[in-house]
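> Give the three-dimensional model of this entry:
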Amino acid sequence: PESYNLARWLLKEQGVILQDRSSIKNSMLGEPSVLLSRAMREFDISKERVESVQRHLIDSMTDLDPRVKESASMKMDGIGGTTECMRLPRELLSLDNLASACPVRKIVAVVRNVVDFGVFVDAGLERDALIHNSRLGNVNPMSMLIGSEVGIDILMVRQDGKISASLTGFDYPLDNRKKEGAQDRLQNERPSKRPRNR
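Sure thing, here's the model as predicted:
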């Protein structure tokens, strides 16, 4: 934050148009000596500080987000990769049909949300599927970018419509937990109410 004003000034002085990524690196890598001297005088800071801000600006605008790099390496390993995956077939877009077909392997999905307990993905169904942390292996959920495509295996559709999935490459078996919803499970586990004798 303490370098924002300097960063804005450097961008303006070099005529950088943020929407034109191809020109960013070239315009900022020109002969910096005159600009460097002006920035040092204008902001009363050291040469090293100006160079550091310049370098960080170039990196942040031209390099891949580190999470994208990590996500790409994950796909190269085959875990969560989309190479051999396909869109969910039309006949499986109904939750009843999908439940009967589980497990459904190698489906393309889009990351919708990353939460403490896992990642929600959209495979084209009426609701998102959850890849619980226990189904992510060594993949850090925070490395998954919202909007990026991943390969998933759909393991189960519960009676309450919740969908359990994993990343492709792990080949988890069909989720063998009860397929009933949480409310059904609570109803079944509660002791029956007996009328009190008064």
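> and the gap between S37 and R105?
Separation of S37 from R105 (C-beta to C-beta, to the nearest Å): 62 Å. The way it works is simple: take the backbone N, C-alpha and C, and place the C-beta from them, glycine included.
> neighbour-wise, which of the two wins?
R105 (17 against 12; other C-beta atoms under 10 Å).
> Just give the strands next to the one helix or strand A165 maps to in its sheet, each with its orientation.
Per DSSP states H and E, A165 falls inside strand 163-167. Paired strands of strand 163-167, with direction, are strand 129-132 (parallel), strand 149-157 (antiparallel) (DSSP bridges).
> If you count neighbours, what's buried in the last one?
Across strand 149-157, burial judged by 16 or more other C-beta atoms under 10 Å covers 149-157.
> May I see the strands paired with strand 163-167 arranged in JSON lines, with distance to D122 as well?
Below are those laid out as JSON lines (distance: least, C-beta to C-beta, whole Å):
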{"stretch": "strand 129-132", "distance to D122": "8"}
{"stretch": "strand 149-157", "distance to D122": "10"}
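> Present those strands as TSV; the columns should include mean pLDDT and distance to F170.
Shown next, in TSV, are the strands paired with strand 163-167 (pLDDT from 0 to 100; distance: least, C-beta to C-beta, whole Å):
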stretch	mean pLDDT	distance to F170
strand 129-132	96	10
strand 149-157	94	7
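> Any idea how far apart the tips of stretch 35-55 sit?
Terminal residues of stretch 35-55 are spaced 14 Å apart (C-alpha to C-alpha, to the nearest Å).
> From S46, how far off is the most centrally placed residue in the chain?
Geometric centre of the chain, nearest residue: L145, 2.3 Å, by C-alpha atoms, centre = their mean. Counting by C-beta to C-beta, the separation of L145 from S46 is 36 Å.
> Buried ones in the longest strand seen in the chain, by neighbour count?
Longest strand in the chain by number of residues (criterion: DSSP state E): strand 104-115. Buried residues in strand 104-115, counted by 16+ other C-beta under 10 Å: 104-109, 111, 114.
> Just the closest of the residues you listed to D96, please.
Nearest to D96 among these is V104, at 13.4 Å by C-beta to C-beta.
> if you skip the residues just before and after it, what's nearest to the closest one?
I154 (4.4 Å; C-beta to C-beta, 6 or more residues apart in numbering).
> wait, isn't that neighbour in contact with I107?
Yes: using C-beta atoms under 8 Å, I154 is in contact with I107, at 6.2 Å.
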